[in-house]
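>>> Got a sequence here, can you build the structure:
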Amino acid sequence: MGREAFLGWPVSYREIRGSYFSLTGLRSREFLCDIGHTWFSQLGESHVAVCTVRCWHNAINTAGGIMNYAPYDVANWGSDVMAEVIQKLGYKYVSLNPGSSFRGLHDSLVNYCGNEVEMIECPHEKIAVGLAHGYAKASGEPMAVILHDLVGLLQGTMGVYYAYIDRVPVMILGGSGPGVQDQRRPNIDWIHSANVQGEAVRLYTKWDHEPRSIASVPSIMARAHRVAMAEPRGPVYVALDAGLQEQVLDKAIDLSGFETMSALAARLGPDPMALQNLADTLCGAKRPVMVIGHAGRDPQAFYQLVELAELVGIGAIDMGTRLSFPNRHPLAVRESEALERADCVLFVDVKDMVEFTHRNDSMTRSVVSRISPEATVLDIGFNEIGISSWSEDYAQRIAADIQVTADTVIALPMLLEICRKLVANDKAEEAGSRQKWRDELADMHKSTWSAWREQYEHVKDQSPVSTARLATEVWNVVKDYDWVLTAGTAALWALRTWDFDRPYRHPGVQLGTATQIGISLGVALAHKGTGRLVVDIQPDGDLMFDAGSLWVAAKYELPLLVVMYNNRAYYNDWEHQERVAKQRGTPLDRVNIGMEIDSPAPDFATLARAFHWWAEGPITDPDKVGEAVRKAAQYVSETGRPALVDVVCQPK
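Just a heads-up that it's a prediction; the model follows:
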């Protein structure tokens, strides 16, 4: 659009504000000044003129960048520097529940930085952290969170812990103090402050700090960002003193070298000889199987692992920590006997080596290995890097014959290249042996899927709705969309029925009660604007913890389809009480006490409508599930707004 067209526009504050983004797209201060002078000379000194001049001043100041609502052009307060740093780190969003301890930073983000780092308001700090967790998990990019003083930090601690054990980069910022005690308000600033606030989360963050001066803020936050993003990733915490936020700057803070200071270091590569030995052993095995953990954090691993499996002839067991392997691929052998038959087991970026390789007796608390004692064990991953002396999330190790410490983002392509060369030299007997094992794996895959189908046929007409029917009905709808599943898999039935054919389909399995809805919000935020349908098969007990989170999806118009997996119970614990009752001979008809979410049963559809969602249910008839989900999916797809279908289900 040319200069003449702009000069012909009618002038009003609202119209200039509305046209701001078109104007700033011109990236010419001279052009804007020329237009502004022509308009303003005709306005006089009316209120409209004053408002228009202010708005135009901001547009001129930010013709090539950010809208500035502050009455100054350069950082004037300590919090302005903090906000600029957050902006320069490239964060797109910051989630928070409001708090006075960061009122200065809040103002700077909204006004001086024009809310370019978009603020996502949450009704609870745990939801704010969970949302950032889900966003980072789905996008691969870190997100910022601000927590109010000590009390807000304590509210968010469980979210922080789950981000830590899930290896997710979250930049957690906290208002604190003021540390200078004679600046504190009576009572409230004292009871909300702590001596070294980061102590509250130090045992389950990768790093924490508390800047003592404005000049130190850029370097400390740059380091925090680097630490969060260094693999294995995780949350960091930086307390930003309220007094420093509200301190008037006596000199400018130089941020000219900040991009270099905050740049990430190179990833960790493998020892070449160790990797060669691992490849030799893997390619020399007759019946190899790989167990895959976090490798899918890199989308390319999804395709690299398929090529490796097909090339060498390796059965793949995807733990689901991150989606790493297509579930319908004939070499995908989860829930089959492939592991018992393997003569070589390769762990790929796995933290807990026992979970998928051992049988567990819950009541005797005994575990028995499924891996043959004669099998060779190979391991490639981070191993002891980043291990905690407090959290035992590292779990039990299995002794590995060859262990390579490396980031699989670097190591997998290298391993694949070595294996290509080794397999290219196969003699006819070796090639035949590989193909025989491929065929056997494909037969196991087919047999497993057939068994799942038979199980589905047996329970499909039952009411309340079986989890197999729930997952199938949702799949029959979402398969016609470009879809993403946020976390929960309906007791594994989504993995047994859906087609996970792209790396972005699933950022990883659910982590535990009171985590899923927050993480799902973040996944939906990450995919907002892509046209994808984001689906959350949402447990009822989880939503009961954080019902207010539904407001966030409505407020920010997240494209989220929630289908309730509503068994009206905290069934995981109910199941434990059944086992104890059977072991001890106590009455089975009393295990529901303190376990059921019933009498009264929550009406989740009504709850969702109260937060301005489209909603339907509760549904108990399995034949009515599909149509309700179809209508909900259509609503989300057409409007970009959230919808919920409440389905009453069997326990598991």
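
>>> going forward, measure contacts between C-alpha atoms and count neighbours the same way
Fine.

>>> Show me the helices in the stretch 1-150 of the chain, by range?
For the stretch 1-150 of the chain, the helices defined by DSSP state H, counting those that start in this stretch occupy 3-7, 13-18, 20-24, 29-40, 47-61, 78-88, 103-107, 125-139, 149-155.

>>> distance of Met261 from Val168?
22 Å (CA to CA, to the nearest Å).

>>> more crowded one of these two?
For Met261 versus Val168, neighbours defined as other CA atoms under 10 Å are more numerous around Val168 (29 against 15).

>>> how about the nearest residue to that one, chain neighbours excluded?
Distance criterion CA to CA, 6 or more residues apart in numbering; nearest residue to Val168, sequence neighbours excluded, is Gly234 at 4.6 Å.

>>> now do Val196
Here the residue nearest Val196, using CA to CA, 6+ apart, is Glu210, at 7.6 Å.

>>> Tell me, how many residues neighbour that neighbour?
20.

>>> Just read off the phi/psi values of it.
phi -140, psi 100 (degrees, to the nearest 10).

>>> Surely it is in contact with Ala239?
Yes: the pair Glu210 and Ala239 passes the contact test of CA atoms under 8 Å, sitting 4.8 Å apart.

>>> Check the contact lists of those two and give me the overlap.
Residues touching both Glu210 and Ala239 by CA atoms under 8 Å, 6 or more residues apart in numbering: Gly198.

>>> and Ala411, that's in a strand?
No: Ala411: not assigned to a strand; according to DSSP: H, G, I helix; E, B strand; the rest coil it is helix.

>>> Tell me the pLDDT of the spatially most central residue of the chain.
Compute the mean C-alpha point of the chain, and by CA atoms, centre = their mean the closest residue is Gly134, 2.2 Å away. Predicted confidence (pLDDT) for Gly134: 98.

>>> which residues touch it?
518-523.

>>> closest to His506 among those residues?
Val523 (9.4 Å; CA to CA).

>>> and the closest one, backbone torsions?
phi -60, psi -40.

>>> avg pLDDT for the helix or strand harbouring Asn277?
Using DSSP states H and E, Asn277 maps to helix 272-284. Averaged over helix 272-284, pLDDT sits at 98.

>>> which residues make contact with that helix from outside it?
288, 312, 344, 346, 378, 402-404, 415, 418-419, 422-423.

>>> What about those, which are in helices?
312, 415, 418-419, 422-423 (DSSP state H).

>>> low-scoring pLDDT stretches of the stretch 401-550 of the chain, where are they?
For the stretch 401-550 of the chain, no stretch has pLDDT under 70.

>>> need the helices for it, in chain order.
According to DSSP H, counting those that start in this stretch, the helices that the stretch 401-550 of the chain contains are 408-424, 428-459, 467-478, 493-497, 516-527, 540-545, 550-555.

>>> Please convert those helices to JSON lines, extending it with mean neighbour count.
JSON lines is the format used below for those (neighbours: other CA atoms under 10 Å):
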{"stretch": "helix 408-424", "mean neighbour count": "17"}
{"stretch": "helix 428-459", "mean neighbour count": "16"}
{"stretch": "helix 467-478", "mean neighbour count": "22"}
{"stretch": "helix 493-497", "mean neighbour count": "20"}
{"stretch": "helix 516-527", "mean neighbour count": "28"}
{"stretch": "helix 540-545", "mean neighbour count": "18"}
{"stretch": "helix 550-555", "mean neighbour count": "21"}
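
>>> Send over the helix or strand containing Leu644 as CSV, restricted to the C-alpha atoms.
Using DSSP H and E, Leu644 sits in strand 643-648. C-alpha atoms of strand 643-648 as CSV (Å, rounded to 0.1, in the frame of the first residue of the first chain):
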residue,chain,number,x,y,z
ALA,A,643,-15.0,-28.4,23.0
LEU,A,644,-15.6,-31.3,25.5
VAL,A,645,-17.4,-34.6,25.2
ASP,A,646,-18.0,-36.3,28.6
VAL,A,647,-18.0,-40.1,28.1
VAL,A,648,-18.7,-42.3,31.1
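
>>> buried ones in it?
643-648 (16 or more other CA atoms under 10 Å).

>>> Can you give the contact residues for stretch 505-514?
137-138, 162, 297, 320-323, 483-489, 500, 516, 541-543, 545-546.

>>> The stretch 201-350 of the chain: helices as residue ranges?
Going by DSSP H, counting those that start in this stretch, the stretch 201-350 of the chain shows helices at 217-229, 242-245, 258-262, 272-284, 299-312, 338-341.

>>> pLDDT on the last one, on average?
This predicted structure assigns helix 338-341 an average pLDDT of 96.

>>> and what of the second one?
Mean pLDDT, helix 242-245: 95.

>>> quick one: it to chain centroid distance?
Chain-centre distance of helix 242-245: 31 Å, with CA atoms, centre = their mean, to the nearest Å.

>>> contacting residues around that helix?
77-80, 82, 101-105, 175-180, 183, 212-214.

>>> Helix, strand or coil: sort out Glu578 for me.
helix.

>>> so what's the residue lying closest to Arg334 once chain neighbours are set aside up against?
In space, and not counting its chain neighbours, Arg334 is closest to Ile317: 4.8 Å by CA to CA, 6+ apart. Going by CA under 8 Å, 6+ apart, Ile317 touches 289-292, 332-334.

>>> Please tell me how far Ile317 sits from Arg233.
In terms of CA to CA, Ile317 sits 23 Å off from Arg233.

>>> Also Arg453?
38 Å.

>>> for stretch 78-98, which positions count as buried?
Buried, per 16+ other CA under 10 Å, within stretch 78-98: 78-89, 91-98.

>>> Likewise for stretch 581-594?
Result for stretch 581-594 [16+ other CA under 10 Å]: buried residues 581, 591-592.

>>> For Val145, state which of these is nearest.
Nearest member of the buried residues of stretch 581-594 to Val145, counting by CA to CA, is Asn592, at 38.3 Å.

>>> doesn't Trp574 make contact with that closest one?
Yes: Asn592 is in contact with Trp574 according to CA under 8 Å; the separation is 6.7 Å.

>>> Pull up the overlap in contacts between the two.
Counting by CA under 8 Å, 6+ apart, nothing touches both Asn592 and Trp574.

>>> What sits closest to Val580 if chain neighbours are left out?
Nearest one to Val580, counting by CA to CA, 6+ apart, is Met363 at 7.5 Å.

>>> Kind regards, and thank you for your time.
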